[in-house]
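Colleague: Provided below for reference: sequence and predicted model.
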Amino acid sequence: MSVVEPVRDLGDVLLSVKNLKKYFPITGGIMSRVVGNVRAVDGVSFDIARGETLGLVGESGCGKTTTGRAVLRLIEPTAGRVEFEGKNIMEFSPKAMRAVRRQMQIIFQDPFGSLNPRMSVGQIIQEPLVIHGVGNRTQREARVKELLDVVGLASYHVQRFPHEFSGGQRQRVGIARALALNPKLIVADEPVSALDVSIQSQILNLLEDLQKEFDLTYLFIAHGLNVIRHISDRVGVMYLGVMVELGSAAEIYQKPLHPYTEALFSAIPVPNPELKRSRIVLQGDLPSPVHPPSGCRFHTRCPIAQDRCRREVPVWKESFPGHFVACHFR
Amino acid sequence: MAMDLLTPADGLEPSAPSERSRAFKRFWRHPMGKIGVIGLLFIILFSFVGPLIYRVSPDATNLLYLLTPPSVKFPLGTDELGRNYLARVMVGGQLSLIVGFASAFATMLIGIAYGLISGYAGGYVDVVMMRIVDIMLTIPGLFILLLLDAMFSPSAFVLVFIIAFTSWFGVSRLVRSEVLSIKQRDYVEAARAFGASSWHIMTRELLPNVMGTVMVASTFQVAGAIITIATLSFLGLGLPPPTPNWGELLNASMSYMYQDAWWMIYPPGICLLITMLSFNFISEALQGVLDSRR
């Protein structure tokens, strides 16, 4: 897919990702030669404006999590640019990278795996402050109390260990930790997928409140379509390592352009048994990201695929102002 | 914040018992843990406090009482030089235990550091470091021990290093395999996301989480080290006389087995047995306590 930057004026762009690629080598044989690559992310571009939430959706294995980690350089991208406040962090030295990490944080999916079981909640939230040598002990402890309050936990929780908390409370601890250094960007990697539905809405509301309060920018990764709709200003839809559609949440949910997006959104249950709706059921499985299909990657499952789709990679074009799609026919 | 309606700050009292004290309680409730601690305590008291109460020189010879069976004057009889055997068994425990603990400590130190670095670094570093361990493990430990023992004159201090040098391989493998799994966890990723240094990740994230496994392994190491000392002394290569140790006592008693000197072989043997069993029970209980939290 060709690289075209989103041209719509987003205002103040905080993060700009250009043609991001991450290939995982597959080694085989006795000499561990590289026999192929899993193209987890294969040329993804998007911008996020300051204070905005960009949702990334797609089915399992489409590369959305890898995109999120590659943006933070937790996974070293194979190629591409990641510009944070106009500077390409891909070229940053380890020292400069360390400094910029204060500005960008991550919230994890699994609230049970993301907290060190040997540390108390106070130690966990304090950790980023300790690493960056922020404040003295008393100042840090005061900050921890403040953060606990912000995320809706009590200050006496400081001495507790993660295993004493429920999933939702742990996720709050994870959020407090992410906020500790006053970051500008937070990559939320499926932050509510592991939680009960009732807890999900609490955490989503918390994230929204925090966004307003601290002027945060979110890259919100999720597979729950309702979650994404609820929280996102704009939504990017990924399929097999590429972005197929990007537009404002309202627009993309009301009139999806890409056939994959259509099929995806037709799967959202409607709480009305009277309503007849046309469900688009995709045939076949997700193709292997080792040998992605030629031309348009979606042609193997696309209901409107034609010969051209097998040959030509569709251009990433702006079909409506601010609404991008990669399809020959839309 | 008002959004906390469904997850009320749970009804637990603010000062719940600490993690450590509860783990200790669970350990104590474990029958094997209790027996092990009591057994070990007995052995330690016997070897270190015993000689303070039973004030008889373990080295004083008495040619009138050679190889005499237990009596009121000599509760465990005398050896071939007429030395008080009870005093000798007591003092013999001191060296066995001190050298055992010290070499286990040194073993753990080397093994943990090596395994931590190997597992955390990964890639070629890991491959090279682990192949070195594999190679060392193919050589029977006793041969290395005997070689080193012959090369360096075996003082207790040297012996600690010899034992540590020959027994850290297993520990490093164990630690490495734990590290490989722990470093994949999200909390390690989180630390990297904050810009934590490798040192910070190894010492603050990885090490505390391998400590459970390490503690279990270290109890085995102490037991193993004590047996190793006993083995070396039994082969006549351990620590130089006159200070006795259990292995050396066993060695000496072998010569008099056919003269019905049963009192010489049982006491050090039983002491070793109690020590080994105690350590094994303790590690068994530790395993139970530490696993249930995972």
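Modeller: That came through, no problem.
Colleague: just the strands in the stretch 51-200 of chain B please.
Modeller: Under the criterion DSSP state E, counting those that start in this stretch, the stretch 51-200 of chain B contains no strands.
Colleague: Tell me where it is predicted with low confidence.
Modeller: Applying pLDDT under 70 to the stretch 51-200 of chain B flags residues B:65, B:82, B:154.
Colleague: switch to 50 and redo it
Modeller: By pLDDT under 50, the stretch 51-200 of chain B contains no weakly predicted segment.
Colleague: now the helices: where do they sit in it?
Modeller: Secondary structure of the stretch 51-200 of chain B (DSSP state H, counting those that start in this stretch): helices located at B:85-121, B:123-138, B:141-151, B:156-182, B:186-193, B:198-200.
Colleague: For the second one, which helices and strands make contact with it?
Modeller: Packing partners of helix B:123-138 (3 or more C-beta pairs under 8 Å, 6 or more residues apart in numbering or on different chains; DSSP states H and E): helix B:85-121, helix B:156-182. All C-beta atoms are positioned from the backbone trio N, CA, C, and that covers glycine.
Colleague: Can you give me every residue that contacts residue A:248?
Modeller: Residue A:248 sits next to A:233-235, A:322-323 when contact means C-beta atoms under 8 Å, 6 or more residues apart in numbering or on different chains.
Colleague: rerun at 6 Å
Modeller: Applying C-beta atoms under 6 Å, 6 or more residues apart in numbering or on different chains to residue A:248 gives the contacts residue A:234.
Colleague: can you check the one 3 residues further on too?
Modeller: Neighbour list for residue A:251: residue A:323 [criterion: C-beta under 6 Å, 6+ apart].
Colleague: Would you mind putting the CA coordinates of stretch B:147-166 into CSV?
Modeller: This file holds the C-alpha atoms of stretch B:147-166, laid out as CSV (Å, rounded to 0.1, in the frame of the first residue of the first chain):
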residue,chain,number,x,y,z
LEU,B,147,41.2,-32.0,41.0
LEU,B,148,40.6,-28.6,42.6
ASP,B,149,41.1,-30.1,46.0
ALA,B,150,44.4,-31.5,45.0
MET,B,151,45.5,-28.3,43.4
PHE,B,152,44.7,-26.0,46.4
SER,B,153,45.4,-27.0,49.9
PRO,B,154,42.0,-27.4,51.4
SER,B,155,41.4,-24.9,54.1
ALA,B,156,37.8,-24.3,55.1
PHE,B,157,37.8,-21.0,53.2
VAL,B,158,39.2,-22.6,50.0
LEU,B,159,36.7,-25.4,50.3
VAL,B,160,33.8,-23.0,50.2
PHE,B,161,35.0,-21.7,46.9
ILE,B,162,35.7,-25.1,45.5
ILE,B,163,32.2,-26.3,46.3
ALA,B,164,30.6,-23.1,45.0
PHE,B,165,32.6,-23.3,41.8
THR,B,166,31.5,-26.9,41.1
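Colleague: how much space is there between the residue minimising distance to the centre of chain A and residue B:190?
Modeller: Using C-alpha atoms, centre = their mean, the residue of chain A that lies closest to the mean C-alpha position is residue A:221, 3.0 Å off. Distance from residue A:221 to residue B:190, counting by C-beta to C-beta, to the nearest Å: 16 Å.
Colleague: just residue A:321 next, same as before
Modeller: From residue A:321 to residue B:190 the distance is 39 Å (C-beta to C-beta).
Colleague: More neighbours: which of the two?
Modeller: residue B:190 (26 against 10; other C-beta atoms under 10 Å in any protein chain shown).
Colleague: Is the closest residue to the more buried one other than its chain neighbours in a helix, a strand, or coil?
Modeller: Closest residue in space to residue B:190, ignoring its immediate chain neighbours: residue A:114 at 5.9 Å, by C-beta to C-beta, 6 or more residues apart in numbering or on different chains. When classified by DSSP: H, G, I helix; E, B strand; the rest coil, residue A:114 comes out as coil.
Colleague: and residue A:114, what does it touch?
Modeller: Residues counted as contacts of residue A:114 (C-beta under 6 Å, 6+ apart) are A:108, A:174, B:186-187, B:190.
Colleague: swap the cut-off to 8 Å and go again
Modeller: By C-beta under 8 Å, 6+ apart, residue A:114 lies in contact with A:107-108, A:170, A:174, B:185-187, B:189-190.
Colleague: Pretty sure residue B:232 sits against residue B:245.
Modeller: No. Using C-beta atoms under 8 Å, residue B:232 makes no contact with residue B:245, being 9.6 Å away.
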